[in-house]
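> Mind looking at a prediction? Sequence and model below.
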Amino acid sequence: MTEEKTHHPEPSYLVDTGKYKGLMAWLTSTDHKRIGLMYMYAMMVFFAVGVILGMIMRIELFYPGQQVYGPQAYNGIFTIHGIIMIFTVVIPGLAAVFGNFSMPIMIGAKDVAFPRLNLFSFYLYILGAAIALASQFMGNGPPDTGWTFYAPYSIQTHTNVVAAVFGAFVLGFSSILTGLNFIVTMHRLRAPGMTFFKMPLFPWSLYATAWIQVLATPIVGITLLMIIAERWLRIGFFDPSLGGDPVLYQHLFWIYSHPAVYIMILPAMGVITEIIPTFAQKKIFGYKAIAISSLAIALVGYFVWAHHMYTSGMSTTARWVFSLLTFLVAVPSAIKVFNWVTTMYKGSISVKPPFLFAIGFIFLFMIGGMTGLSLGALATNIHVHDTAYVVAHFHYIVFGGVGFAFFAAIYYWYPKMYGRMYSFKMANWSFVFLFTGFNLLYFPQFIIGIMGMPRRYFDYLPQFTFGHQLSFFGGLLLVIGFIIMLITLFSKKGAKAPDNPWGGRTFEWTIPSPPPLENFDVMPEMGVNEQPYDYK
Amino acid sequence: MHTESVHITPYRTHAWVLITLLAFTFITITVTWIDLSALTVLIALLIASVKAYIVLTYFMHLKFESSLFRVFVFMVLFIYVLVILFTLSDYLFR
C-alpha cells in the first residue's frame, strides 16, 4: 500500500479545531475517531458496572444458602448484569469502537458515509443504556426475567420489565444505524484501486456484521414491542392464558439473539485476523477463505437460533434441523482458526501484548466453540441445558472471545489512537492476570454444570461449593487484571508512538499517530499488483 | 470514484402509483367482507406483497438504481423466506 510522509502538518483529531472546545467539542464531533473513543469510554463504564454486579453475584454464591441478600435481589442482579453486558458492551463492542476508529482509515476514507447519523447512533446508544439502567430504579423494582425476557414470565412479573425492554429496543436502533452506515461506507468510500477482495479483513468482518445488524435487529425490536403491547393491552401473543404461544417468543427472540452472537464475535475475529499477520510479519494465509467465511458465518449463523430451544417443546424435526445447521456453522469458524494458525506457521513472530491477547483469544474461543458443539448436539444438550455448563460456554465465547479480542484491539490500536506507547511489561502482566483469572472463574462452571448445577439459581447443593469458590477467586484475579490494564493504558503518558510501531501493512499505519482530522493528506490508492498484508 | 445518475420520476407516475396503492387498499378492505375461510390471510398477504413491490419499485427507486440494490432486496427476501421455512419446521411437525 502507498506509504505517506510520517510527519503531518495537520493537527491531530485529538486537538479541538472546531467551534467548541473541551467536552462540548467531543460531544458534538462527527469525526469517526472521536465517536469511536466516546463509545469506548462509555463501554468501559458499563463494563465496570457489569463486572461489579458479577462480583456481587459471586460473593452471594460463595457459600450455599443466603449470605448477603435474598433471591429476588439475586434475580434482579443477574438480569441487569446480562442486559448491561450483552446490550451495552459486547453487541456494540468492537464494531462501535474499533469499527468506528479504524475501519474508515483502513479502507482509505476520510470518515464514514453518514457522520451525523454516526453521532446520532452514539446518542441512541447512550439513551438506550440510560433507559435500561433506569429500569433498576423505577416502578416495581428491577426486572427479574434474565436478559432474555422470556415469556410468559416477562408478561406476568410485576417488576419493571417495560423500561428494560424499551431500553434494549432503543439500543437496537443504534445498532441498525451503525450497521447501515458501515455497509454504505464500505460500498462507497473505499480508496481507488481497493476492490472488495483487496479490503483488509477487519472491514470484511464488519461488513458481514453490519448485514446481521441491519437484518436481524428489527426482529427483536418488534418482539420487544410485542411484550410491551401484551403487558399493557393484554394482546395474546405469547402468554398461553391470553391465547398466545410462549415458544413463538423464543423463536422471535433467538432469531435475533443468536445472530447477535455473530454481531459480537465476527468483529473480534476480524481484529485477530489483523493482529496475527502483523506480529507474524507474514501474509495472511487464505485471505479469500477468511473473507468469505465471515459472510458464511453471518448467513448460516442466521439459521441456528433454535438450538437455544431444544427443551422448549419444539418439534423433533425442528430440533434435528437446527442441530445440523449448528454443526454447519462451526465449519467457517474453524476455517478462520486454521488460517490464523497457518499464518503463524514459520512466521517471524514477535510476542507483543496484542499478539498475546490474540493467541489467548484463539485458545479461549476454541474451548467456547467446542463446548458449543456439545451444546448443539441434541443428546448432550438435554443433560446440560440451563446448567452452569451453558454459563461457562457462553462466557468463553463472549468474554474469552469478544473480551480478549477487545483487549487485543485496544493494545494494538492504542498507539494510533493516542500517539503514545505503553509499558509492555505491565501489559503482559495484565494478560497473565486476565487469562488466569478468566479460566479460574469460568472453567469450574463447566465441571459443576456437568454435575448438575443449574444456572440462575440463588442457592445450591453443598457439592458445588468448591467450584463456586474457585470462580470467586478467579473473578478477583480478573478484576486485578482489569485494574492493571487501566493503569497501563491511562495512568501516565507513555513514550511517543511512531506512525507504525508494529510494522503493520494496512492504511492506518501509513498515517501519523494520532491521525489528523481527515485521516489522509493525500487520497491513498492501491496499485493493481498490491495485495492486503503484503509482507516482504 | 462513483458517478451519480439522478433519475427524476414524473408526477404523473407518482400519481398512478398512488392510485394503484389506494385501489389495492380498497380491495384489501373489500375482501374482508367475503368469507374466504383459509384463503383470507393468503389473499391479504398477496395484495400486501403486490403493494410492497410497487412501493419498492417506484417510491424506493429500485427500478432506476443499479442492479446491486435489487440483489440486496432479493437477498433479504430470500433470508426472510428461509426464516419462515425453518420456523415452520417447528410448527408444522409438532
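Arrived safely, thanks for sending. Numbers count the residues shown, from 1 in each chain, chains lettered A, B, ... in the order given.

> Packing partners of the one helix or strand residue A:481 maps to?
Assigned by DSSP states H and E, residue A:481 belongs to helix A:465-490. Counting contacts by 3 or more Cβ pairs under 8 Å, 6 or more residues apart in numbering or on different chains; DSSP states H and E, helix A:465-490 is packed against helix A:32-60, helix A:404-418, helix A:424-451. C-beta: built from backbone N, CA, C; applies to glycine.

> try it again with 6 Å
Helices and strands touching helix A:465-490, as assessed by 3 or more Cβ pairs under 6 Å, 6 or more residues apart in numbering or on different chains; DSSP states H and E, comprise helix A:32-60, helix A:424-451.

> Quick one: distance of it to the chain centre.
Using Cα atoms, centre = their mean, to the nearest Å, the mean C-alpha position of helix A:465-490 is found 19 Å from that of the whole chain.

> Buried residues in that helix, which are they?
Burial within helix A:465-490, assessed by neighbour count using 16 or more other Cβ atoms under 10 Å in any protein chain shown, is assigned to A:467-468, A:470-472, A:474-482, A:484-485, A:488-489.

> could you pull out the helices for the stretch 251-400 of chain A?
Chain-ordered helices for the stretch 251-400 of chain A, with DSSP state H, counting those that start in this stretch as the definition, fall at A:287-300, A:316-344, A:353-376, A:378-384, A:388-397.

> want to throw those helices into CSV with mean neighbour count and distance to residue A:428?
Formatted as CSV, those follow (neighbours: other Cβ atoms under 10 Å in any protein chain shown; distance: least, Cβ to Cβ, whole Å):
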stretch, mean neighbour count, distance to residue A:428
helix A:287-300, 20, 28
helix A:316-344, 18, 19
helix A:353-376, 21, 6
helix A:378-384, 14, 35
helix A:388-397, 24, 22
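
> Burial check on the residue lying closest to residue B:27 once chain neighbours are set aside, number of neighbours?
Distances taken as Cβ to Cβ, 6 or more residues apart in numbering or on different chains place residue B:47 nearest to residue B:27, at 6.0 Å, with adjacent residues excluded. Applying other Cβ atoms under 10 Å in any protein chain shown, we find 15 residues neighbouring residue B:47.

> list the buried ones in the helix or strand encompassing residue B:47?
Secondary structure from DSSP H and E places residue B:47 in helix B:39-54. Of the residues in helix B:39-54, those buried under the neighbour-count criterion (16+ other Cβ under 10 Å) are B:51, B:54.

> same question, stretch A:427-441
The neighbour-count check on stretch A:427-441 (16+ other Cβ under 10 Å) flags A:427, A:429-431, A:433-435, A:437-441 as buried.

> can you list the residues that contact that stretch?
A:353, A:356, A:360, A:411, A:470-471, A:474-475, A:477-478, A:480-481, A:484-485, A:488 (Cβ atoms under 6 Å, 6 or more residues apart in numbering or on different chains).

> confidence score at residue B:67?
Reported pLDDT at residue B:67 in the predicted model: 89.

> swap in residue A:18?
The per-residue pLDDT of residue A:18 was computed as 86.

> State the number of residues packed around it.
Counted with other Cβ under 10 Å, the neighbours of residue A:18 add up to 12.

> Which of the three states applies to it?
For residue A:18, the reduced secondary structure class is coil; criterion used: DSSP: H, G, I helix; E, B strand; the rest coil.

> can you tell me which residues contact it?
Listed by Cβ under 6 Å, 6+ apart, the contact set of residue A:18 is empty.

> And it, how far from chain B?
For residue A:18, the distance to chain B under the criterion Cβ to the nearest Cβ, to the nearest Å works out to 27 Å.

> Do I have it right that residue A:325 meets residue A:303?
Yes. Applying Cβ atoms under 6 Å, one finds residue A:325 in contact with residue A:303, separated by 5.2 Å.

> Compute the first-to-last residue distance for stretch B:22-42.
Start and end residues of stretch B:22-42 are separated by 20 Å (Cα to Cα, to the nearest Å).

> Would you state the strands of chain B in chain order?
Under the criterion DSSP state E, chain B contains no strands.

> what angle sits between the longest helix along chain B and helix A:287-300?
Using DSSP state H to define each element, chain B has its longest helix at helix B:67-91. Between the axes of helix B:67-91 and helix A:287-300, defined by axes from the mean of the first three to the mean of the last three Cα atoms, to 10 degrees, the angle is 50 degrees.

> number of nearby residues for residue A:22?
8.

> Please report the distance of it from residue A:111.
According to Cβ to Cβ, to the nearest Å, residue A:22 stands 22 Å off from residue A:111.

> same question, residue A:311
48 Å.

> Around chain B, pick out the residues from the stretch 251-400 of chain A.
Contact residues, the stretch 251-400 of chain A versus chain B (Cβ under 6 Å from any Cβ of the partner chain): A:251, A:303, A:314-315, A:317-318, A:321.

> closest to residue A:202 among these?
Looking at those and their distance to residue A:202, the nearest is residue A:303, at 25.2 Å (Cβ to Cβ).

> pretty sure the closest one contacts residue A:324?
No. Under the contact definition of Cβ under 6 Å, residue A:303 does not touch residue A:324, with a separation of 10.1 Å.

> just to revisit the earlier point, now mean pLDDT and distance to residue B:13 too, for the helices and strands packed on helix A:465-490, in JSON lines please.
Shown next, in JSON lines, are the helices and strands packed on helix A:465-490 (pLDDT from 0 to 100; distance: least, Cβ to Cβ, whole Å):
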{"stretch": "helix A:32-60", "mean pLDDT": "97", "distance to residue B:13": "38"}
{"stretch": "helix A:424-451", "mean pLDDT": "98", "distance to residue B:13": "61"}
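
> Can I get those in JSON lines including distance to residue A:262?
Formatted as JSON lines, the entries for the helices and strands packed on helix A:465-490 read as follows, by distance: least, Cβ to Cβ, whole Å:
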{"stretch": "helix A:32-60", "distance to residue A:262": "19"}
{"stretch": "helix A:424-451", "distance to residue A:262": "21"}
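
> For residue B:75, which of these is the nearest?
Proximity of these to residue B:75 was assessed by Cβ to Cβ; the nearest stretch is helix A:32-60, lying at 26.8 Å.

> Give me the distance from that closest one to the chain's centre.
For helix A:32-60 - counting by Cα atoms, centre = their mean - the centre lies 12 Å from the chain centre.

> in the next helix or strand along the chain from it, what's buried?
Sequence-wise, the next helix or strand beyond helix A:32-60 is helix A:71-83, with elements assigned using DSSP H and E. Applying a neighbour-count criterion of 16+ other Cβ under 10 Å, the buried positions in helix A:71-83 are A:73-83.

> Now do helix A:71-83: which elements does it pack against?
Contact analysis of helix A:71-83 by 3+ Cβ pairs under 6 Å, 6+ apart lists helix A:32-60 as its packing neighbours.
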